[in-house]
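A.B. asks: This is a predicted model, with the sequence first.
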Number of protein chains: 2
Amino acid sequence: MTLAPNPDRFLKSLHTLRQFGASGVGKGVVRPAYSAPDIAAREWLAAQEAGGPAISVVSFQDEEGRFGVTTGSAVWSGNLSLDRADGLTDTAGITFAEARAKMAHLAGDFVDPARFSGFIEMHIEQGPWLAQAGEAVGVVSDIVGIRDMRITFEGEQNHAGTTPMHLRRDAFQGLAEFNARISAAFAGVVTPQTVWTIGHVALHPGAHSIVPGRAEFAMQWRDGDTARLAVMEKIIRDTAKAVAEERGLTVHFGEMLGLEPVQMDATLRSALVESAKAEAPEQWREMPSGALHDATNVSAHMPVAMLFVPSINGISHAFGEDTDEADLTKGLNVLAGAVQRIGRNS
Amino acid sequence: MTLAPNPDRFLKSLHTLRQFGASGVGKGVVRPAYSAPDIAAREWLAAQEAGGPAISVVSFQDEEGRFGVTTGSAVWSGNLSLDRADGLTDTAGITFAEARAKMAHLAGDFVDPARFSGFIEMHIEQGPWLAQAGEAVGVVSDIVGIRDMRITFEGEQNHAGTTPMHLRRDAFQGLAEFNARISAAFAGVVTPQTVWTIGHVALHPGAHSIVPGRAEFAMQWRDGDTARLAVMEKIIRDTAKAVAEERGLTVHFGEMLGLEPVQMDATLRSALVESAKAEAPEQWREMPSGALHDATNVSAHMPVAMLFVPSINGISHAFGEDTDEADLTKGLNVLAGAVQRIGRNS
């Protein structure tokens, strides 16, 4: 098997593709899953040439999350039943079932996963590492696991004028101290790739003149190592309990949601590494993925691997999200070189 | 002049008064300004005996804040024009003008402040100090001043999976650090009566998986000393700027709202002190008021003083708010003794 990538045709195809739903802001597109421009783009994609080497191309539906996250690959892989998916709604209240009916003319039976020996996904990094280092490609080592929990401190709602500081049981002060103490406790545990976030906070009753009696917040943390995720969970629970105890608060932990880390397949990953050495010498690294990808769902059925190309200025989920065309071409060549190596060894 | 307080009649009148709008929960009442039970209670109050010593009794309207805070005394004192007040609305959208029309039959011309030589207000403490110390009355030294400011940290909204900790400009982390640093900086500045509160926080966009790009919050602080309020303001502004600078955030300070501290009149206050020594020996203290009161508005026109009676368990603004009847009687006696002393000396 010989794979001869054609960078000019690749870029020309991308330029054509981005005319579907072009936003008029930079190179950005607005092409929600099952919208008219999305369906038109899929009709264009499905009309590609057939024949050639035994490689299939897949464009999973709704990766960006109109109805969920990676909805298409979740349904195909069986991680999400079609029945349950059909009941999902977008922010306007439209169901997945209604939306996908618009594309019924393109739908067929589910493709059998047994037809494939592996899955390789090339994706924009959505982060700053490659761009900051001036590197062209990243070979993904693993997709990090996520833990996500709602935590609530309850104290005592009180008059903010007449309640002296030493008698307060202020739920926000509990949250602030919890935040400082977990950061300190994580220091000896985490790696530079580990992340944690408090992205949502609600104080009750939420008034200027009332000492907050309740603070509800979202605690999320991500890492590639299940054991490290568990150590972090213990720190979170122990710290919250200690802060509550010391401040006369109670603490309630919500249901723990999470996704397990996914290791990339060693064989596919080493093919990507060998190809990166040849095609982008000194311009590549191995790195974890902090974001979820379709590869997570696909990994239930076959070996998976991923390749990242840089995000200009690290920008993601905004019209400025982009990759330099020279890096896209390097990524294409690394991908082709890896597939060639896999074919040679199988 | 001789004042002979009649505790039995005083308590009987209170028992009658609390039947207007009785909530059925403990001794609590639901009697919003200008509601039917409020108007009925005022009709009952206005039918009291006349004659006797040259003392007037006032029941200011809307002290609790259906339309504002201490609306009645604010209008009477001229701190709030009647035109502006008429445009105020309650939470149901009813205007002050509409509400007060229901009580037009009881309304007359404004009473001229020049008729009065001073104002003494007896009020429930709404705090824990007297009850915790087992004391019966508090002679108020001053009503604290309030400063209230909305502060906003702006950072960078980002993907909570792919943005490493050291590259984040997380607005919530800015708020948490600001909170810790002002508490430390205040330590050398404040008294046990000084209070400060962050009672409202809004993170944007407020999602579990997004590093918050904006944190808006309410900063309120209270103290009896204008100079101390100003020192605290400087600490707040300097700390917020330093945290923003160090973390790559910007900070925006909203309009500073505030009320100046009000010193109680020395003559009226010393009459209360002398009377407390006689009527409640070893069971009284001097103390500041952390809450606003009608006396603040009245102080624009005449000397004012205040006397506190204890809050059982420190409870305020709930059906459990109450004062023991023995303490009410002591308060009445201290009040009468003070008025007697003032009459004697004038």
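C.D. replies: Cool, got the structure.

A.B. asks: Pull up the pairing partners for the helix or strand bottoming out on mean pLDDT in chain A, direction included.
C.D. replies: Least confident helix or strand of chain A, by mean pLDDT, DSSP states H and E, is strand A:257-259 with a mean of 84. Each strand paired with strand A:257-259, and its direction, by DSSP bridges: strand A:145-154 (antiparallel).

A.B. asks: Near chain B, which residues of the stretch 1-150 of chain A are found?
C.D. replies: When proximity is defined by CB under 8 Å from any CB of the partner chain, the stretch 1-150 of chain A lies next to chain B at A:125-129, A:144, A:146, A:148. (Glycine included, C-beta is placed from N, CA and C.)

A.B. asks: and if we set it to 7 Å?
C.D. replies: Within reach of chain B by CB under 7 Å from any CB of the partner chain, the stretch 1-150 of chain A has these residues: A:126-128, A:144, A:148.

A.B. asks: Not counting its own residues, what contacts the least confident helix or strand of chain A?
C.D. replies: With contacts defined as CB atoms under 7 Å, 6 or more residues apart in numbering or on different chains, strand A:257-259 is touched by A:145-148, A:292, A:296.

A.B. asks: In the residues you listed, which has the lowest confidence score?
C.D. replies: Ranked by pLDDT, the contacts of strand A:257-259 bottom out at A:L292, which has 89.

A.B. asks: residues in contact with that residue?
C.D. replies: So A:L292 contacts A:69-70, A:143, A:259 (CB under 7 Å, 6+ apart).

A.B. asks: The following helix or strand past the least confident helix or strand of chain A pairs with which strands, parallel or anti?
C.D. replies: Later in the chain than strand A:257-259, the nearest helix or strand by DSSP states H and E is strand A:262-263. Applying DSSP bridges, strand A:262-263 is found paired with strand A:137-143 (antiparallel).

A.B. asks: Flag the shaky bits of chain A, pLDDT-wise.
C.D. replies: A:1, A:346 (pLDDT under 70).

A.B. asks: residues touching the residue lying farthest from the centre of it, list them.
C.D. replies: Using CA atoms, centre = their mean, the residue of chain A lying farthest from its centre is A:T162. It sits 47.5 Å away. Contact analysis of A:T162 by CB under 7 Å, 6+ apart lists B:126-127, B:290-291, B:316.

A.B. asks: Ok, A:T239 next?
C.D. replies: Per CB under 7 Å, 6+ apart, neighbours of A:T239: A:178, A:181-182, A:185.

A.B. asks: that's a helix at it, yeah?
C.D. replies: Yes - counting by DSSP: H, G, I helix; E, B strand; the rest coil, A:T239 falls inside a helix.

A.B. asks: separation between it and chain B?
C.D. replies: To chain B, A:T239 is 14 Å away according to CB to the nearest CB, to the nearest Å.

A.B. asks: And A:E154, by the same measure?
C.D. replies: 15 Å.

A.B. asks: likewise A:E135?
C.D. replies: The spacing between A:E135 and chain B, counted by CB to the nearest CB, is 15 Å.

A.B. asks: cool, A:D238 as well?
C.D. replies: Taking CB to the nearest CB as the measure, A:D238 falls 19 Å from chain B.

A.B. asks: What is the burial count for that residue?
C.D. replies: Counted by other CB atoms under 10 Å in any protein chain shown, the residues lying close to A:D238 total 13.

A.B. asks: before we move on, the earlier item: farthest-separated two in the contacts of A:L292?
C.D. replies: The most widely separated members of these, counting by CB to CB, are A:V69 and A:I143 (12.6 Å).

A.B. asks: residue ranges of the helices in chain A, please?
C.D. replies: A:7-17, A:36-46, A:71-77, A:82-86, A:96-101, A:129-133, A:171-186, A:226-247, A:266-279, A:294-298, A:325-345 (DSSP state H).

A.B. asks: out of these, deepest packed?
C.D. replies: Looking across the helices of chain A with neighbours counted as mean count of other CB atoms under 10 Å in any protein chain shown, the highest average goes to helix A:294-298: a mean of 24.

A.B. asks: Which residue is the nearest non-sequential neighbour of A:F20?
C.D. replies: A:A41 (3.9 Å; CB to CB, 6 or more residues apart in numbering or on different chains).

A.B. asks: For A:L14, see how far away the one you found is.
C.D. replies: 12 Å (CB to CB, to the nearest Å).

A.B. asks: how many neighbours does the closest residue to A:E43 other than its chain neighbours have?
C.D. replies: Once flanking residues are discounted, A:E43 sits nearest to A:L106: 6.9 Å by CB to CB, 6+ apart. Here the number of neighbours of A:L106 (other CB under 10 Å) works out to 12.

A.B. asks: Might one say that A:L106 is in contact with A:W44?
C.D. replies: No - A:L106 is beyond contact range of A:W44, at 11.3 Å (criterion: CB atoms under 7 Å).

A.B. asks: Can you name the residue of the stretch 201-346 of chain A nearest chain B?
C.D. replies: With CB to the nearest CB, the shortest gap between the stretch 201-346 of chain A and chain B falls at A:G290, namely 3.7 Å.

A.B. asks: That residue: what's it in contact with?
C.D. replies: Each residue near A:G290 by CB under 7 Å, 6+ apart is listed here: A:127, A:144, A:195, A:222, B:161-162.

A.B. asks: for A:A300, same thing?
C.D. replies: Shown in contact with A:A300 (CB under 7 Å, 6+ apart): A:77-79.
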